[in-house]
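Q: Coordinates only, no sequence provided:
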């Protein structure tokens, strides 16, 4: 039995709810295996608290526990000493790179591509990819699965908001404009 490729999800793709739900929905359908470290999860919780207040932080903490139970390799530990040999423009992101190496990941899904330059990742056999092209790649290989995930997330967003939300606008706000165009042609 072959395993799905492992991708580390940076904290910046875990906090926006619609984006996270699409990424996790694709993982739940077996399109890839997500991974992150306790430190990445804690960054998610802190960001949720800063941007949405204590209620969002509490929800994020609950989500991290729920997702850790749902995915066997979600929480990836690495030896802090593994970070010493690594370099990135922002030293605060080295732990994400160390997590990707420890997980045996294909790469890192992040909004912050500048923080993960190709010249630093390529020798390690890793890539950094923005979630929009990442999801477009999944759409190209498994369109029914990705369309189903997006349809479910869209329906839940409309249910929670109590309003009709155009799909393309919802995906644009989630920083997935190319996926929105691809799904609404």
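A: Cool, got the structure. For clarity, every value in this text was computed on a predicted model and none was experimentally measured. Numbering: from 1, shown residues only.
Q: Where do the strands of this protein begin and end?
A: 6-9, 33-35, 107-109, 127-129 (DSSP state E).
Q: now the second one, how far from the centre of its chain.
A: This means strand 33-35. On the basis of C-alpha atoms, centre = their mean, to the nearest Å, strand 33-35 is displaced by 9 Å from the centre of the chain it belongs to.
Q: Pull out the buried positions in it.
A: Under the neighbour-count criterion of 16 or more other C-beta atoms under 10 Å, strand 33-35 has 33-35 buried. Quick note: C-beta positions are derived from backbone N, CA and C, even for glycine.
Q: can you check stretch 93-109 too?
A: Residues 93-103, 105-109 are the ones in stretch 93-109 that count as buried (16+ other C-beta under 10 Å).
Q: Mind checking the pLDDT average for it?
A: Per-residue pLDDT over stretch 93-109 has a mean of 96.
Q: and what of stretch 68-87?
A: Stretch 68-87 comes out at a mean pLDDT of 84.
Q: residues making contact with it?
A: 6, 8, 27-28, 33-38, 41, 67, 94-95, 97-99, 101-103, 120 (C-beta atoms under 8 Å, 6 or more residues apart in numbering).
Q: Please repeat the previous calculation with a cut-off of 6 Å.
A: With C-beta atoms under 6 Å, 6 or more residues apart in numbering as the test, stretch 68-87 has contacts from 34-35, 37, 67, 94, 97-99, 102-103.
Q: farthest pair in these?
A: Using C-beta to C-beta, these reach their maximum pairwise distance at 67 and 94, which is 23.3 Å.
Q: Make sure residue 25 is actually in contact with residue 149.
A: Yes - in this structure residue 25 lies within contact range of residue 149 using C-beta atoms under 6 Å: 3.5 Å.
Q: Of these two, give the one with the bigger neighbour count.
A: Legend: neighbour count by other C-beta atoms under 10 Å for residue 25 and residue 149, higher for residue 149 (24 against 19).
Q: Who are the contact partners of that one?
A: Per C-beta under 6 Å, 6+ apart, neighbours of residue 149: 22, 25-26.
Q: Distance of it relative to residue 82?
A: Separation of residue 149 from residue 82 (C-beta to C-beta, to the nearest Å): 33 Å.
Q: Then residue 5?
A: Distance, residue 5 to residue 82, using C-beta to C-beta: 21 Å.
Q: returning to that earlier point: of the strands of the chain, which is nearest residue 174?
A: Using C-beta to C-beta, the strands of the chain put strand 107-109 closest to residue 174, at 13.3 Å.
Q: Pull up the pairing partners for the closest one, direction included.
A: Each strand paired with strand 107-109, and its direction, by DSSP bridges: strand 6-9 (parallel), strand 127-129 (parallel).
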